[in-house]
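*Asks:* for reference, the sequence and a predicted model appear below.
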Amino acid sequence: MRLTYLALVGAPLAAALAAALVRPYHRGVGVAGALLATLSLAAALRLTGQVLAGAAPTWGPSDMMRVDALSALLAVCVAFVAALASWLGPGIGRDEHYTPAQARRFRIFSGLFAFTMLIAVTANNVAIMWVAVEATTIASALLIPLHVSKASVEASWKYILIGSVGIALAFVGTVLGYFDYVHLAGERESALNWTSLIAAAPSMHPRVMALSFVFIVIGYGTKAGLAPMHTWLPDAHGEAPAPLSAMMSGVLLAVALYAIIRWKVVVDLTVGPELPDRLLLVLGLASLAVAALSLVGQRQYKRLLAYSSIEHTGLMCVGLGLGPLGVFAALLHLVNHAVVKGMMFLLSGRILDRYRTTEMGEISGLLRTMPVTGGLFAAGMLALAGLPPFGIFFSKFLLVRAGFATGHAWLMAIVLALLLAAVVAMLTQINGMLYGARPDGVRAGETRRWGLVPLALCAVLLVALGFGGFGSLQTLLDRAAEIASR
Amino acid sequence: MPSPAGYAVAIAQAALALLLAPGLVGLIRLFKARLQNRRGAPVWQPYLELRKLFAKEVVVSTNASWLFRAAPFVVFTSTVAVAFLVPVLAVPSPFDAVGDLLVVVYLLLLGTFFLALAGLDPGSAFGGMGSSREMTVAALSEPTVALAIFALALGAGSTNLGQIVARTMADPASAVSPGYLLAFGALFVVTLAENGRLPVDNPATHLELTMIHEAMILEYSGRYLALIEWAAWLKVLLFFSLLGNLFVPWGVATALTPASLGWAFATLIAKLAVLGVVLAVFETRVAKLRLFRVPELLAVSFVLAVLAITVSFLVR
Amino acid sequence: MDSAFGQLAVLGSSLVLMCGLTLLWRRGSSAHIAAFAAQSVALAATAALIAVFTGSRELWLVAVAFLGLKGVLMPILLSRMDRRLGGPRELEPYVNTATSLVIGGLLVVLAYIVTRPVLEVSRLPTRSGMPLAMGLIFVSLFVIISRKKALTQVIGFLALENGIALLAMLGTYGIPFIVEMGVFLDALMGFLVMQIVIYRIQETFESIDVEQLNRLSQ
């Protein structure tokens, strides 16, 4: 098991090191990186199997790292999207739009990015988790301006400043939690372990832990893109190169939510679930509202997708505040969203490569120009809109049902109204892109056809998730939800 | 119960302050001159100035009203009233029942207010300009005086200045507590502002762009000017007494015996001399702030005072 | 009255907070960098103080790291950045100085209110300084959102990190060593990345006035 874990986190790190050490950039490095990412995914699946069989392995001095069902779920998502981005990112096929230097930089930092995210979701020590989340900001900030332009530089500045401030606030929350534990049980190396915090939670001081949780939610919520700390997100995800946006939107937001979930379990035991639930509901609803309203006027498709991420993260946050049923729905939604967003951003990368514009108004005839890409893009949009038979419909349905079950009928009505507004906004925009005539200067036909295979696989996966997923996924989600809502 | 001896000491204290004030200012001027490599006038020069001014005739503008003639007296008497309330020599004072922090602040404000009005009264351009500048400074510095001393009062449990002094003497460790140090910083900046010293105002300038206090009293002459100048010098001495006796209270007489009063007198001279030298060095070192930067400096002292209160409130 | 240890700890924390407030008062990057350097030195001194009184060897290492990294190295890098970036010496902040200072004072009062539950729980002699550390955190946040020059925002962020470190030191006599080292590494890396991004901004925009960063506004 130790070996499997080392493969999980070591593979992306090795890919990054390989890209850093080999000069000048060679296509083999990219292929090696992609293979390593696939290895990481395989390791994640294997660990999941072991966890489902009943193990909860720990490693490191004073049990710093630990994998349970929740960690395994997130690890699989991260490894999956990272593998997608790795195969479809610059530096493997014939790229007209990335220089070798840019490709090399991408390989280094995306490897580091995946490594830090995997550490974050498998850390038992909440401070190590924090260090890893901060490291994700650092690793991704330098990649946003891969194509240097005023907009991308501005986006990366906002990203690193707001992200670092948010993370610093999360650290205040971590320190306060540590402070409370230490005053209860004395100083020790394992004091920052999640398992120790859970054990001590019922006897910790409610007001201190409540204060700590507020900082945690504001801090990690900034990284997750919850309103009102979301202002960096449309810029950063809109300007970053497509594979990076796929990783950021797909799984980085999920990792930030994961951090909030871990702390919520502890705080729920100390303070009782009312305050944390209410806080999450408010922030989730605010994010939904902001996203729904902002989606209406969008003109660039990558920013549209970014606001859609805010919308779905807000929805997940609402789910987390609706008790155990809601948590299950939120986790299912997390998986669905990771798959869909990853696919959508990578597709948008292909569209950008062909049409050379980010404005939706200038794109038309997508279905005629690139039939498969266009078709998958349309399918993804329908999925994001929450229409059956895709997975998001299913998780949304479960979430609303959880809301009604916990007596939040009015809230669910508002949520549904906002989601409807978002759907209408997105679908009207997409229509203009799909149909119509092909603009001049745009070549027809698909290039890099092999890149479509993983994306088509995503679409199939989405449909499968819509029909309830696989048995083992169901079990995994059950176990994870159990952990997340103790 | 206030005894006749107590009253006598209080009156003597005020008289002493009045007598020493010109000397203190003379000392500051002499030290500044020496630092600037000049010989400077002797220490008793201000006394000679007062004598000269009292002898000269008064010239009053035709535009001035009764306010112009009344203001010097109001300013002088209010400052002398403060001299009764500030612990210069001895605590407790028989005027403690009426005299505490807020009364002191109000009396100082009364003087400032009348002086500003007197600057406006004759209708001259300089006067109006000086008054408006003075009010800008006073708006931020007056609350800070109250807040800074209030920080000390929180520890002593009363706004009575005498009690604050007594409490600091009883608990020497508190004199270096952060609350005290912050309050001292705030009060020092306010001393500079209230008395028209650098970097807020240059007491020796008559340039239109730079004067504040001098601009307000530009129209005055003769005995009116003498009274106003004397009141200004007395204010300097009283602020120094506050700085010295509230923060370093050892030496202040608690019993009304000749020995302790003598000792109090000696320590008072010492503290005034030290503070005078510090002020002279500071004024020589620092350049005058541009006028729109003065509120920034005063905001700093205000924040220091607020911090002093919050820190004292907690460490109580 | 608190013991000498508690008094000195509060004194150290007050100095650290004062340097933070100086960021709101003085204009001009050289003054800001000097204030940050002084703050880091005061922080290192407080760490050393706690190390003396608690006999913790790790805190000595932490104090030395603060002094070296944040008291010497980062100010040097910041000065170098300042000289390389050029531009106007000071930019008008969004909120003027006097108002900023008053808001800063009010934020410290707010910090006292917010940390009341923490003070009730703590039994350490250094607890009286915790509200000051929290006050520095709030004041640093205010510096970041109210200043226009990107370099000042970075200095504000570094001051925020100082405030959090101070909070950890006063509340729990520091955090486990391995975590502390991870935090240091993160801080250094973060700073270097910010430096790179600011240079990029300078190259593409030819100014580091963040008001210029307004192309993405939808």
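*Replies:* Received, thanks.

*Asks:* give me the element C:Asn214 is part of.
*Replies:* Assessed by DSSP states H and E, C:Asn214 sits outside every helix and strand.

*Asks:* contact partners for the residue of the stretch 1-150 of chain B found nearest chain A?
*Replies:* Minimum separation of the stretch 1-150 of chain B from chain A (C-beta to the nearest C-beta) falls at B:Leu147, amounting to 28.4 Å. C-beta coordinates here come from the backbone N, C-alpha and C atoms, glycine included. Neighbouring residues of B:Leu147 by C-beta atoms under 8 Å, 6 or more residues apart in numbering or on different chains: B:Ala186, B:Phe302, B:Ala305, B:Val306, B:Ala308, B:Ile309.

*Asks:* tell me the pLDDT of the closest residue to the last one other than its chain neighbours.
*Replies:* The one in question is B:Ile309. Nearest residue to B:Ile309, sequence neighbours excluded (C-beta to C-beta, 6 or more residues apart in numbering or on different chains): B:Ala151, at 4.6 Å. pLDDT for B:Ala151: 86.

*Asks:* counting neighbours, what do you get for B:Ala151?
*Replies:* By the measure other C-beta atoms under 10 Å in any protein chain shown, the count of residues near B:Ala151 is 26.

*Asks:* surely it touches B:Phe184?
*Replies:* No. Using C-beta atoms under 8 Å, B:Ala151 is not in contact with B:Phe184; the gap is 9.8 Å.

*Asks:* returning to what we had before: how close does the residue of the stretch 1-150 of chain B closest to chain A get to C:Gly20?
*Replies:* Noted for B:Leu147: a distance of 20 Å to C:Gly20, by C-beta to C-beta, to the nearest Å.

*Asks:* element containing the residue of chain C found nearest chain A, please.
*Replies:* At 3.6 Å from chain A, C:Pro117 is the closest residue in chain C, using C-beta to the nearest C-beta. If you go by DSSP H and E, C:Pro117 is part of helix C:116-121.

*Asks:* which strands or helices does that helix pack on?
*Replies:* helix A:150-185, helix A:206-224, helix C:130-146 (3 or more C-beta pairs under 8 Å, 6 or more residues apart in numbering or on different chains; DSSP states H and E).

*Asks:* where do the contact lists of B:Ala151 and B:Phe184 overlap?
*Replies:* Listed as contacting both B:Ala151 and B:Phe184 by C-beta under 8 Å, 6+ apart is no residue at all.

*Asks:* make sure I have this right: B:Val43 is in a strand.
*Replies:* No. Counting by DSSP: H, G, I helix; E, B strand; the rest coil, B:Val43 is not found in a strand; it is coil.

*Asks:* show me the contacts for it.
*Replies:* Each residue near B:Val43 by C-beta under 8 Å, 6+ apart is listed here: B:Gly23, B:Gly26, B:Leu27, B:Leu30.

*Asks:* need the longest helix for chain C.
*Replies:* Selection of the longest helix in chain C by residue count, based on DSSP state H, yields helix C:177-205.

*Asks:* show me the shaky parts of chain A.
*Replies:* Scanning chain A for pLDDT under 70 picks out the ranges A:95, A:187, A:189, A:468-469, A:486.

*Asks:* domains in it, by residue range?
*Replies:* Using automatic domain parsing, the domain parsing of chain A gives A:1-122, A:148-272, A:289-486.

*Asks:* ranges for the strands of the stretch 251-400 of chain A?
*Replies:* In the stretch 251-400 of chain A, no strands are defined using DSSP state E, counting those that start in this stretch.

*Asks:* mind checking the SS state of the residue of chain B most remote from its centre?
*Replies:* Centroid-distance maximum for chain B: B:Thr62 at 32.2 Å, with C-alpha atoms, centre = their mean. Three-state assignment for B:Thr62 (three-state DSSP): coil.

*Asks:* residues making contact with the lowest-mean-pLDDT helix or strand in chain B?
*Replies:* One helix or strand of chain B scores below all others by mean pLDDT, DSSP states H and E: helix B:161-170, with a mean of 81. Residues outside helix B:161-170 that contact it (C-beta under 8 Å, 6+ apart): B:85-87, B:91-93, B:96, B:99-101, B:104, B:149, B:152-153, B:155-158, B:174-175, B:180, B:242, B:245-247, B:249-250, B:252, B:254.

*Asks:* take those residues and keep only those in helices.
*Replies:* B:85, B:101, B:104, B:149, B:152-153, B:155-156, B:180, B:242, B:245-247.

*Asks:* buried by neighbour count, from those: which ones?
*Replies:* For the ones in helices among the contacts of helix B:161-170, a burial check counting by 16 or more other C-beta atoms under 10 Å in any protein chain shown picks out B:85, B:101, B:104, B:149, B:152-153, B:155-156, B:180, B:242, B:245-247.

*Asks:* for those, give me CSV that also has distance to chain C.
*Replies:* Listed next are these as CSV, based on distance: C-beta to the nearest C-beta, whole Å:
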residue, distance to chain C
B:Leu85, 28
B:Leu101, 20
B:Val104, 23
B:Ile149, 17
B:Leu152, 15
B:Ala153, 17
B:Gly155, 10
B:Ala156, 13
B:Tyr180, 11
B:Leu242, 22
B:Asn245, 21
B:Leu246, 18
B:Phe247, 15
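
*Asks:* just give me the residue closest to the centre of the chain.
*Replies:* All of this is about chain A. Nearest to chain A centroid, counting by C-alpha atoms, centre = their mean: A:Val251, 2.0 Å.

*Asks:* my bad, chain C
*Replies:* Note: chain C centre (C-alpha atoms, centre = their mean) maps to C:Ala159, 1.3 Å.
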